[in-house]
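Peer 1: Sequence and predicted structure, then a few things I'm wondering about:
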There are 2 protein chains.
Amino acid sequence: MTSSYMNEAQLPQRVLLGAGPSTVHPRVLQAMTMPVVGHLDPSFFRVMDDVCEMLREVFHTKNSMTLPISSTGTGAMETACANIIEPGDEVLICRNGFFGARLADIADRCGATVHMMDTPWGKAVDPQMLRDELKKHPGLKVVGVVHAETSTGVLSSLEELMDVIHEYGALSIVDAVTSLGGHEVRMDDWGIDICYSATQKCLGAPPGLAPISLSPAAMDVVNNRASKVQSFYFNLKDLEAYWSQTRAYHHTSPINMTYALREALRMMMEEGLDNRVHRHARVAAGLRAGVEALGMTLLAEEGHRVNPLTAISIPEGIDDARVRRSLLNDYDIEIGGGLGEFAGKAWRIGLMGESCREKNVFAVLSALESILSKEGYEVAFGASLSAAQRTIATFDE
Amino acid sequence: MTSSYMNEAQLPQRVLLGAGPSTVHPRVLQAMTMPVVGHLDPSFFRVMDDVCEMLREVFHTKNSMTLPISSTGTGAMETACANIIEPGDEVLICRNGFFGARLADIADRCGATVHMMDTPWGKAVDPQMLRDELKKHPGLKVVGVVHAETSTGVLSSLEELMDVIHEYGALSIVDAVTSLGGHEVRMDDWGIDICYSATQKCLGAPPGLAPISLSPAAMDVVNNRASKVQSFYFNLKDLEAYWSQTRAYHHTSPINMTYALREALRMMMEEGLDNRVHRHARVAAGLRAGVEALGMTLLAEEGHRVNPLTAISIPEGIDDARVRRSLLNDYDIEIGGGLGEFAGKAWRIGLMGESCREKNVFAVLSALESILSKEGYEVAFGASLSAAQRTIATFDE
């Protein structure tokens, strides 16, 4: 057997318009090649402090407990649940997509009694419905909400939902994996207790770290647990000691990934948070206009559409796999397929971080026009493109 | 307040002789800058397959379930425990240092009834003592052993210990975090059931991934659990599906770290596994000779010394922190301090992967001679260096 591993790895240059990872800027890739230092080296402590300081700005919070977990976003979801939930705790999950279901699964594995509030896929979580539901569960400890459902492209109104949750005295766990950096997330102003994200979406770093932040009220709950946190790796009190107090060794930090995150956050600071959120809005508006000009339907209800991720209903008779294969092989463009209920029925086009550029909207619409036309779908060449151009050109008027 | 994060990060070029991370070769750093592709991109599947194939060679196993966990070594320790242990299972941990204690802590968090077999720090786990202990616990499910105790520099004889464990029908969990790539680890020949490591020690990649391998017998246990694995993130059946079966999405892989691991393993294949193990033995022998010529005492008993990590008793009256600070600030050399029982009492000098080079032995011994002499410790300049040189020069005779 000849072993392919003896050759140098060959990776294509993709346009990354899936649900993440998104394109990583050369500056961020380059940052990963800085000299490795020890996880207890004073020079690394400075990198850590910079990262935490910038993460606080991104989360719009003063929470001292703000740091990147050494895992991808799913690990941060687990960190949130494992540290907050004790066996028998009552938890309500607002489920309107794949990641709400995952949050419920993880809460269940932490021993919670999980109640579900289901909203049809494609719809936002409704504050009044949540209020009615909360009345039924007086002893509820936590409510879990996904800000931007990556499976459906639906954005729920966090500010209103947080008000309702606090009326009923519960803590909130907010999944901001796809929204942070692409939509406004104001932890302190909106009263979010626990919020987590991931580096490979709108933050513009490679996958492998997952920022999390906890309010003082949430940390009180963590500090006053009766039982041990079931995970050692994700134990926040130990991580807090390493990140901000005694610098006591807990695990060996992913040093180079932390360099990458620092540089990605620094680029975000240079651009300005508001500018970045605005860019996501403008570019996504262009994509949506183009998709609709192609005669296709957006899956998320109007007024609740995620800018970094647009979910589209695949037209009747069109072969999902063949179209995505052609996009990848003939155009080097990756888009995402459907998840869960939407498997085979949806395309998910991500415009996140460095991938969120007008040129990418033009590229994916042109390629889709060409492929769909070949697949027998009626296409007026250039129509979707000009709709996108017009929308982007007039966006700020 | 001026924010330091707006400046480019400044990292010094350290000689990394701590307990890991070790030096990362420029080829491996460079591999991280290859274009990011999606975690479901066929080109990434090829990278994954290459990594798994090389990991099987490194573990000396045919285990189909062999892959890198998206965490550091502690996460792999948790993966091993969380997937194998169900609440109420009886587990025996052979504790002869800090990491044995950590393994017991994690097993406990997984709901195990944990029995301890304590061996004094600095001594290897004794097979006969283990046999006597196993007689007392007929229903034991798992025995946990640390191959190379990073806190003490002690290497236990896995082959003999595995024989004893199998006599009593238990499964073995082996921590090879510091040994894999620096000592021989033969999973199949020795009958190791679950074995895990980390990338930042003798494998020569940055920290952030943790290889693990499970025998078919161990996977039978995982597949026939009565209860859910308490961790979603570390759930091996889902990871197996993504890595080797349906390629079903579980979490977004740390793409660039996987590139790095592939390149580091490729460099290991180029060198040859046996050559790498031999290099660790030769270079470590030089360090030990030098340390003893300096009049200092090795903490690990003779015949059971870890090559990638040498633990030294700090001489009476010498200030631990001041010496290590001088090594770092005046010579750019990092060594490790003591952990747990040995905090303040031991230095731990790592010679792992790319750090395991003769030049580094000469550098650290010269620097130590200079610093210790300044601290009032009696030193004959050059004595430790020439002892190291002599030992290395005659090592293969």
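Peer 2: Looks like it arrived, so ask away.
Peer 1: Can I get stretch A:295-313 in PDB? Just the C-alpha atoms.
Peer 2: Extracted in PDB, the C-alpha atoms of stretch A:295-313 (Å, rounded to 0.1, in the frame of the first residue of the first chain):
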ATOM      1  CA  GLY A 295     -37.300  32.700  -7.700                       C
ATOM      2  CA  MET A 296     -36.300  30.800  -4.600                       C
ATOM      3  CA  THR A 297     -37.800  31.000  -1.200                       C
ATOM      4  CA  LEU A 298     -36.000  32.100   2.100                       C
ATOM      5  CA  LEU A 299     -36.800  29.700   4.900                       C
ATOM      6  CA  ALA A 300     -36.600  32.200   7.800                       C
ATOM      7  CA  GLU A 301     -39.600  34.500   8.300                       C
ATOM      8  CA  GLU A 302     -39.200  38.100   7.400                       C
ATOM      9  CA  GLY A 303     -37.900  40.400  10.100                       C
ATOM     10  CA  HIS A 304     -36.100  37.500  11.700                       C
ATOM     11  CA  ARG A 305     -33.400  36.700   9.300                       C
ATOM     12  CA  VAL A 306     -29.800  35.900  10.300                       C
ATOM     13  CA  ASN A 307     -27.400  38.000   8.300                       C
ATOM     14  CA  PRO A 308     -24.400  35.700   8.500                       C
ATOM     15  CA  LEU A 309     -26.500  32.700   7.400                       C
ATOM     16  CA  THR A 310     -29.300  32.600   4.700                       C
ATOM     17  CA  ALA A 311     -31.300  29.400   4.500                       C
ATOM     18  CA  ILE A 312     -33.000  28.700   1.100                       C
ATOM     19  CA  SER A 313     -35.600  26.200   0.200                       C
END
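Peer 1: Report the distance from it to the chain centre.
Peer 2: Once both centres are worked out by Cα atoms, centre = their mean, to the nearest Å, stretch A:295-313 turns out to sit 16 Å from its chain's centre.
Peer 1: What average pLDDT does that stretch get?
Peer 2: Computed over stretch A:295-313, the mean pLDDT rounds to 97.
Peer 1: Next, the contact list for A:Lys135, please.
Peer 2: A:Tyr168 (Cβ atoms under 8 Å, 6 or more residues apart in numbering or on different chains). Quick note: C-beta positions are derived from backbone N, CA and C, even for glycine.
Peer 1: how far away is the nearest residue to A:Ile392 once chain neighbours are set aside from chain B?
Peer 2: Once flanking residues are discounted, A:Ile392 sits nearest to A:Gly286: 4.0 Å by Cβ to Cβ, 6 or more residues apart in numbering or on different chains. From A:Gly286 across to chain B, the span is 22 Å (Cβ to the nearest Cβ, to the nearest Å).
Peer 1: which residues touch the helix or strand hosting A:Gly286?
Peer 2: In this assignment (DSSP states H and E), A:Gly286 forms part of helix A:273-293. Helix A:273-293 is contacted by residues A:57-58, A:181-184, A:202, A:268, A:271, A:298, A:305-308, A:310, A:312, A:349, A:351-352, A:356-358, A:360-361, A:364-365, A:383-392, A:395-396 when judged by Cβ under 8 Å, 6+ apart.
Peer 1: What subset of those is buried?
Peer 2: Among these, those classed as buried by neighbour count (16 or more other Cβ atoms under 10 Å in any protein chain shown) are A:58, A:181-183, A:202, A:268, A:298, A:305-308, A:310, A:312, A:349, A:351-352, A:356, A:358, A:360-361, A:364-365, A:384-385, A:387-389, A:391-392.
Peer 1: Mind checking which of the residues you listed land in helices?
Peer 2: A:58, A:268, A:358, A:360-361, A:364-365, A:384-385, A:387-389, A:391-392 (DSSP state H).
Peer 1: nearest to A:Cys81, of those residues?
Peer 2: Nearest to A:Cys81 out of these is A:Val58 (Cβ to Cβ; 22.1 Å).
Peer 1: okay but A:Asn83 is in contact with A:Val222, surely?
Peer 2: Yes. Assessed by Cβ atoms under 8 Å, A:Asn83 is found in contact with A:Val222 at 5.0 Å.
Peer 1: Of these two, give the one with the bigger neighbour count.
Peer 2: More crowded of A:Asn83 and A:Val222, by other Cβ atoms under 10 Å in any protein chain shown: A:Asn83, with 25 against 18.
Peer 1: What strand or helix carries that one?
Peer 2: Here A:Asn83 is assigned to helix A:73-84, by DSSP H and E.
Peer 1: Enumerate every residue touching A:Phe381.
Peer 2: Listed by Cβ under 8 Å, 6+ apart, the contact set of A:Phe381 reads A:369, A:373.
Peer 1: Could I get the full set of helices for the stretch 101-250 of chain A?
Peer 2: Secondary structure of the stretch 101-250 of chain A by DSSP state H, counting those that start in this stretch: the helices cover A:127-135, A:158-167, A:187-190, A:216-223, A:236-244.
Peer 1: can you redo the ones you listed as TSV with distance to A:Val323 and mean pLDDT?
Peer 2: Below are the helices of the stretch 101-250 of chain A laid out as TSV (distance: least, Cβ to Cβ, whole Å; pLDDT from 0 to 100):
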stretch	distance to A:Val323	mean pLDDT
helix A:127-135	36	98
helix A:158-167	34	97
helix A:187-190	39	98
helix A:216-223	44	98
helix A:236-244	43	96
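Peer 1: Format these as TSV; extra columns: distance to A:Ile335.
Peer 2: Output for these, formatted as TSV (distance: least, Cβ to Cβ, whole Å):
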stretch	distance to A:Ile335
helix A:127-135	32
helix A:158-167	27
helix A:187-190	31
helix A:216-223	36
helix A:236-244	35
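Peer 1: Tell me who's in contact with A:Met54.
Peer 2: A:Met54 sits next to A:262, A:265-266, A:268-269, B:5 when contact means Cβ under 8 Å, 6+ apart.
Peer 1: Most neighbours of all these, which one?
Peer 2: Within these, neighbour counts (other Cβ under 10 Å) peak at A:Leu265, which reaches 27 neighbours.
Peer 1: Neighbours of A:Ser227, how many?
Peer 2: Quick note: A:Ser227 (other Cβ under 10 Å) scores 11 neighbours.
Peer 1: what about the residue nearest to it when sequence neighbours are not counted, distance to A:Arg225?
Peer 2: Excluding the flanking residues, the one nearest A:Ser227 by Cβ to Cβ, 6+ apart is A:Glu86, at 5.1 Å. Distance of A:Glu86 to A:Arg225, computed by Cβ to Cβ, to the nearest Å: 6 Å.
Peer 1: between these two, who's got more neighbours?
Peer 2: Comparing A:Glu86 with A:Arg225 by other Cβ under 10 Å, the one with more neighbours is A:Glu86, at 18 against 13.
Peer 1: Hmm, the more buried one is touching A:Val229, no?
Peer 2: No. Using Cβ under 8 Å, A:Glu86 is not in contact with A:Val229; the gap is 9.1 Å.
Peer 1: Can you pull the domain assignment for chain A?
Peer 2: What automatic domain parsing lists as the domains of chain A is A:26-269, A:273-393.
Peer 1: What is the neighbour count of the closest residue to A:His166 other than its chain neighbours?
Peer 2: Spatial nearest neighbour of A:His166, chain neighbours left out: A:Gly191 (5.7 Å); criterion: Cβ to Cβ, 6+ apart. Number of residues near A:Gly191 (other Cβ under 10 Å) recorded here: 16.
Peer 1: pLDDT score assigned to A:Gly191?
Peer 2: We have a pLDDT of 98 for A:Gly191.
Peer 1: how about the strands in chain A?
Peer 2: For chain A, the strands defined by DSSP state E occupy A:15-17, A:65-69, A:90-95, A:113-118, A:142-146, A:148-149, A:154-155, A:171-175, A:194-196, A:210-214, A:297-298, A:309-313, A:333-337, A:346-350.
Peer 1: nearest to B:Gly139, of these?
Peer 2: Comparing these against B:Gly139 with Cβ to Cβ, the closest turns out to be strand A:113-118 (31.5 Å).
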